[in-house]
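Visitor: Kindly return the folded structure for what I paste below:
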Amino acid sequence: MSWNRHNILAILLGATAIGGYVSYQNYRNRKRSEAIFHITPSPLKTTIPTLSVDQISKLAYGPDTLPSARQVETPWGSIRVYEYGPEDGHKVLFIPGISTPCISFRGLTNEFVKKGCRVMLFDLYGRGYSDNPTYYQHTEHLYIAQILSVLSSSKLSWTTPNAFSIIGYSLGGGIAATFTRYYPSMVSSLVLLCTSGLVREKNVSWRSYWLYRTEGIIPSFITKYFVAKRLHNPSALRIHTDEEGGIDLEDAVAAELGPDSKETRVMDAAVQWQLDHHEGFVDAFMSGIRHAPITNQHAAFRVIGRRLDEQRARGHGYEQGMIGGQLVLILGRTDPIVLVDEMEPDMMETVGSENVHTIILDAGHEVPISIPGQVADCLWKFWKGHEFRVG
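Guide: As a prediction, the model looks like this:
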């Protein structure tokens, strides 16, 4: 190929156009972050009012699927909250994963209510029936503010010392840990189910790296298109490891659903309906992957570990620290996302081996969905064995 001034001019014009577009996108994203964010309403405000009573009754996750619902208004949008069980029971707060609404805890909360607990659960921003603050980064700070809004909305006191146990699932585990880092006095027990926070970055595929770690370079509408397409594709909702190794981050959706069963089919339907009817879900999912506490949360866990060391050194019991002086780590033996052989030693190294009580169950990443009874029984046994008192 002979190079002449026309070839060179075409290349220069192309490079200028690309550079100009990237600069424009960066400017646009910066202005968005500086602007007052827009609240994308949940299906409770957009879709549900258009449905008949019969149509609503057939939804996998309808407005009345879980008992005692309420909407909590916050500066970042409205939150869907459920609170039920004996008012004088031990309080347990549940933090869901990145893709499923809080119906994923239905089986587990029912088990704890049977044991006399008071439970509270809610949809993360952009999921289920909670609004999404568009253009607002889904960092641990946003989720901590959401938790505080949820706790303060109860007619009961959830903010006194040792007020409640917190159970975080997947992304919810990373959120629960960061909350406990900053508000340790409220938490009587920290329970991490197939948790994020210490997931090793090397396990992330190159495809996900370019989709999620190049924000401002790849236009957001292109990223959103590919993410939404994959999440809507039924074949995408099965664990996929690329040919070079590594997990695509959208696989978290498949992992939270787990193997085919009656309950996971309900979860699948709930997630697909959410994809179709919650305009803020894909944005929330993408922002959570980029900014939420999924990896590199060693600092938060080290703080928790030091406090547990101090609790043990001072001989503090339940009234002055976590039950049993340990956080509880529950893992699925066949979990393809949070690997037992990595998470257990990484957690023990970061927090301290004496500060971690590990439970490994025969399940995948969908532990709270597929075997809620086993999870509740194991956790209850641990609590009861360490001077746990109901009330």
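
Visitor: Could I get the full set of helices for the stretch 151-300 of the chain?
Guide: 171-182, 206-212, 220-232, 251-257, 262-277, 281-291, 298-314 (DSSP state H, counting those that start in this stretch).

Visitor: Select, out of those, the one closest to residue 373.
Guide: Using CB to CB as the measure, helix 262-277 is the one of the helices of the stretch 151-300 of the chain that comes nearest residue 373, at 11.9 Å. Where you see a C-beta, it was placed from the backbone N, CA and C, and this is true even at glycine.

Visitor: what's the distance between the closest residue to residue 294 other than its chain neighbours and residue 288?
Guide: The shortest distance from residue 294 to any residue other than its chain neighbours is 4.3 Å, reached at residue 196 (CB to CB, 6 or more residues apart in numbering). The spacing between residue 196 and residue 288, counted by CB to CB, to the nearest Å, is 10 Å.

Visitor: repeat for residue 304
Guide: Spatial separation of residue 304 from residue 288 under the definition CB to CB is 22 Å.

Visitor: what's the answer for residue 352, then?
Guide: Plainly put, residue 352 is 28 Å away from residue 288 if you go by CB to CB.

Visitor: tally of neighbours for the closest residue to residue 301 other than its chain neighbours?
Guide: Once flanking residues are discounted, residue 301 sits nearest to residue 350: 4.5 Å by CB to CB, 6+ apart. The criterion is other CB atoms under 10 Å. On that basis, residue 350 has 19 neighbouring residues.

Visitor: Provide a list of residues in contact with residue 350.
Guide: When contacts are counted by CB atoms under 8 Å, 6 or more residues apart in numbering, residue 350 is found next to 198, 298, 301-302, 305.

Visitor: try it again with 6 Å
Guide: With CB atoms under 6 Å, 6 or more residues apart in numbering as the criterion, the residues that contact residue 350 are 298, 301-302.

Visitor: Output those as JSON lines; include the columns pLDDT and neighbour count.
Guide: Conversion of the contacts of residue 350 to JSON lines gives the following (pLDDT from 0 to 100; neighbours: other CB atoms under 10 Å):
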{"residue": "298", "pLDDT": "96", "neighbour count": "15"}
{"residue": "301", "pLDDT": "98", "neighbour count": "27"}
{"residue": "302", "pLDDT": "98", "neighbour count": "14"}
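
Visitor: Specify which member of these is nearest to residue 274.
Guide: Closest to residue 274 out of these is residue 301 (30.4 Å), distances taken as CB to CB.

Visitor: Let me see the confidence value for the residue nearest to residue 48 when sequence neighbours are not counted.
Guide: The spatial neighbour of residue 48 that comes closest, neighbours along the chain excluded (CB to CB, 6+ apart), is residue 63 at 6.1 Å. At residue 63, the predicted lDDT confidence score is 96.

Visitor: Locate the residue nearest to residue 301 within the secondary structure: which element?
Guide: Assigning secondary structure by DSSP states H and E places residue 350 in helix 340-351.

Visitor: thinking again about what came up before, next one: the residue nearest to residue 301 from residue 202, what distance?
Guide: Distance check for residue 350 against residue 202: by CB to CB, it reads 17 Å.
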